[in-house]
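Colleague: Dropping a prediction and its sequence here:
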Amino acid sequence: MHVKIMSKMRLFALLPGVLLFVTVSLFSQDTSDNLQLLDQYIQKTMNDWSVPGLAIAVVKDGEIILSKGYGVKKINSDQVVNENTIFGIASTTKAMTAAAMGMLVDEGKVKWDDRVADLWPEFQLYDPYPTRELRVRDLFTHNAGLGNADFLWFDSDLNSLEILKRLRYAKPAYPFRGGYTYQNIMYLAAGELIHHLTDVPWELFVQRRIFDPLGMYNTYATQEASREESNRSIPHFEIDGKIQPITDSNADAIAPAGAVWSCVSDMAIWTKFVLDSARIDGKPLLKPETYREWLQPQIIIPPRQFYPTVKLTKPNWTTYALGWFQEDYRGKKVNFHTGSLAGTTAIIGLLPEERLGVYILGNLDHAELRHALMYKVFDLFGFNDADRDWSSEVKALYDDLNKAAKREREKMLSAPTPDTHPSRALSAYAGTYTDLFYGQVEVIVRDEHLELATTKSNNAKLKHWHFDTFLANWNQPWRSDSLISFDLSPDGRVTSIAFDGRTLKRQ
């Protein structure tokens, strides 16, 4: 039984000139009571959020006090989630990649402030200055000027090296180190730099240097490596008001940013490792100064670009370290990170001053119960406070945000100009459209309608919207419709296609 006792030394004067120190217990809270409260809370809130399956681990004072699965791997099935069920851990992978680089720092193979171009001459960005001045730490801090470029892996068939080559065509979204945009591609570059420095691919490096030493034997660096594991969760998405299973998204092309698959029992080990100054049985895998740098704030994130939960937690500061979001909560520093792939969620949260950590995996798309449970764990085991109903507050917050987004979308899709027609025959829009950065898409005519294909498996049926704009209904049922517009030259030729922030010219 794990017991937490808080004591205070009080000084009493019994006789003149005689002092006696007496230890007085302020409170003694059996951890099992709070574990029972948490167990009941999880079961209730999973139902409130309609989450089919969830797994959670809690680490306190160097011990794993909880590692448990709840619900089912697939809705309407009897396949229960247990502590060994694997999920995609998505972007909580990022801290592992940063730790792997830290090991190379300790070995003298690299410094955080080395120029990437000096170590890897082939690496190139759009502008010469950031190409020359980008430092190793810039790969981890989301402020190198690159905008969100997830389409390079999510909506393409490019491999990792092809994605990195495209960076030289990505125009800056903001000045170098002059802003913040969360993105994944620089973490892919960090993984490739590890490969470049060691001749060991990132996936083998983290397996040999992190997973194996920690005994994380049910953890896989990529989805491909995890395929033989049968005890796996199925992602879910709410489609037309109904929770439905969907196909896993594959992030292997950007593996160092978010491709690891693991179970909560292994992630409990990882959480314990991070809280224990990156040590295993007292032996450090990172030097103390490297461990501190790993968790040291690197950039300030404006609250408007942080998580919506700041409206509830009201932090004094919000920062990003090397693979960690950070804020203050109830006067204590929090290190945390979420992970999201279509239909899958993850979160790790650390309250270092209380030697407390929590890791949560879920199988419903962007079910932000993960945030609520993180703060609930902080309250229960960090402050012995069971009063606040985080689930209700977080759900109300996100319900309002989702309603506002739905209204905006309905507004956008409710105003086609009536009584218009395409200015050209459908065959005039068919063809191949390309861009050095955005890649290639194909438009074809099929059964008297247009179809757009961005990859071998991602395509959309195009329905006329108005003028030369069409509504794309994607073959992934969870993906929102897009408006697709074609531009014409003065002589009436179709010259380009634009959708989802991309513009590609016709070949």
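Modeller: Happy to help now that I have it. What you see is a predicted model, and the numbers here were worked out from it, not measured in a lab.
Colleague: What helix or strand is the residue most central in space within the chain located in?
Modeller: Among the residues of the chain, Gly339 comes closest to the average C-alpha position under C-alpha atoms, centre = their mean, at 2.7 Å. Per DSSP states H and E: Gly339 is located in strand 332-341.
Colleague: Starting from that strand, tell me the next helix or strand along the chain.
Modeller: Heading C-terminal from strand 332-341, the first helix or strand you meet, by DSSP H and E, is strand 344-351.
Colleague: what's that next one packed up against?
Modeller: If you count contacts as 3 or more C-beta pairs under 8 Å, 6 or more residues apart in numbering; DSSP states H and E, strand 344-351 packs onto strand 86-88, helix 264-275, strand 332-341, strand 356-362, helix 369-377. From N, CA and C alone the C-beta is placed, and that goes for glycine too.
Colleague: out of these, nearest to Asp118?
Modeller: Closest of these to Asp118 is strand 332-341, at 29.2 Å (criterion: C-beta to C-beta).
Colleague: how close does Ala144 sit to Thr417?
Modeller: Shown here: Ala144 relative to Thr417, a distance of 41 Å by C-beta to C-beta, to the nearest Å.
Colleague: Counting neighbours, go ahead and name the busier of the two.
Modeller: Using other C-beta atoms under 10 Å, the more surrounded residue of Ala144 and Thr417 is Ala144, with 27 against 9.
Colleague: Any regions of this protein where pLDDT drops low?
Modeller: Along the chain, the model assigns pLDDT under 70 to residues 1-30.
Colleague: The longest helix along it to helix 369-377, inter-axis angle?
Modeller: Assignment by DSSP state H gives helix 390-412 as the longest helix of the chain. Per axes from the mean of the first three to the mean of the last three C-alpha atoms, to 10 degrees, the angle that helix 390-412 makes with helix 369-377 is 160 degrees.
Colleague: Need the nearest residue in space to Arg115, chain neighbours excluded.
Modeller: Leaving aside its sequence neighbours, Arg115 sits nearest to Arg135 (C-beta to C-beta, 6 or more residues apart in numbering; 6.2 Å).
Colleague: Look at the one you found and say how many residues are nearby.
Modeller: 18.
Colleague: go on, Pro490?
Modeller: With neighbours defined by other C-beta under 10 Å, the count for Pro490 comes to 6.
Colleague: Which of the three states applies to it?
Modeller: Secondary structure for Pro490, judged by DSSP: H, G, I helix; E, B strand; the rest coil, is coil.
Colleague: if I pick Arg456, what's in contact with it?
Modeller: One thing to correct before we go on: residue 456 is Lys, not Arg. Residues in contact with Lys456, defined by C-beta atoms under 8 Å, 6 or more residues apart in numbering, are Asp157.
Colleague: Surely it is in a strand?
Modeller: No: per three-state DSSP, Lys456 lies outside any strand segment and is coil.
Colleague: can you tell me the helix or strand for Leu164?
Modeller: According to DSSP H and E, Leu164 maps onto helix 160-166.
Colleague: What is the helix or strand just after that helix packed up against?
Modeller: The helix or strand immediately downstream of helix 160-166 is helix 185-198, counting by DSSP H and E. Applying 3+ C-beta pairs under 8 Å, 6+ apart, we find helix 185-198 packed against helix 94-106, helix 116-119, helix 160-166, helix 202-206, helix 255-258.
Colleague: angle of the longest one against helix 185-198?
Modeller: Using the same axes, to 10 degrees, the inter-axis angle of helix 94-106 relative to helix 185-198 is 30 degrees.
Colleague: now helix 94-106 and helix 264-275, what's the angle there?
Modeller: Going by the same axes, to 10 degrees, helix 94-106 makes 50 degrees with helix 264-275.
Colleague: what distance separates helix 94-106 from the middle of the whole chain?
Modeller: Centroid separation between helix 94-106 and its chain, computed with C-alpha atoms, centre = their mean, to the nearest Å, is 18 Å.
Colleague: Run through the neighbouring helices and strands of that helix.
Modeller: Under the contact definition 3+ C-beta pairs under 8 Å, 6+ apart, helix 94-106 sits against helix 185-198, helix 202-206, helix 255-258, helix 288-294.
Colleague: Tell me how many other residues surround Thr432.
Modeller: Thr432 has 13 nearby residues by other C-beta under 10 Å.
Colleague: Isn't Cys263 up against Thr85?
Modeller: Yes: counting by C-beta atoms under 8 Å, Cys263 does reach Thr85; the two are 5.8 Å apart.
Colleague: what do these two both touch?
Modeller: 55, 231.
Colleague: The two - which one has more neighbours?
Modeller: Set Cys263 next to Thr85 and count neighbours by other C-beta under 10 Å: Cys263 wins out with 28 against 24.
Colleague: and that one, how far is that from Glu83?
Modeller: Taking C-beta to C-beta, one finds Cys263 at 6 Å from Glu83.
Colleague: One more: Val494?
Modeller: 56 Å.
Colleague: now do Ala278
Modeller: 23 Å.
Colleague: Could you do Ser226 as well?
Modeller: 17 Å.
Colleague: Helix or strand: which one has the nearest residue to Asp379 once chain neighbours are set aside?
Modeller: If the residues on either side of it in the chain are set aside, Asp379 comes closest to Asp385, at 4.4 Å by C-beta to C-beta, 6+ apart. Assigned by DSSP H and E, Asp385 belongs to no helix or strand.
Colleague: pretty sure the residue nearest to Arg115 is in contact with Asp118, am I right?
Modeller: No: judged on C-beta under 8 Å, Arg135 makes no contact with Asp118 at a distance of 9.9 Å.
Colleague: State the number of residues packed around the residue nearest to Asp379.
Modeller: 13.
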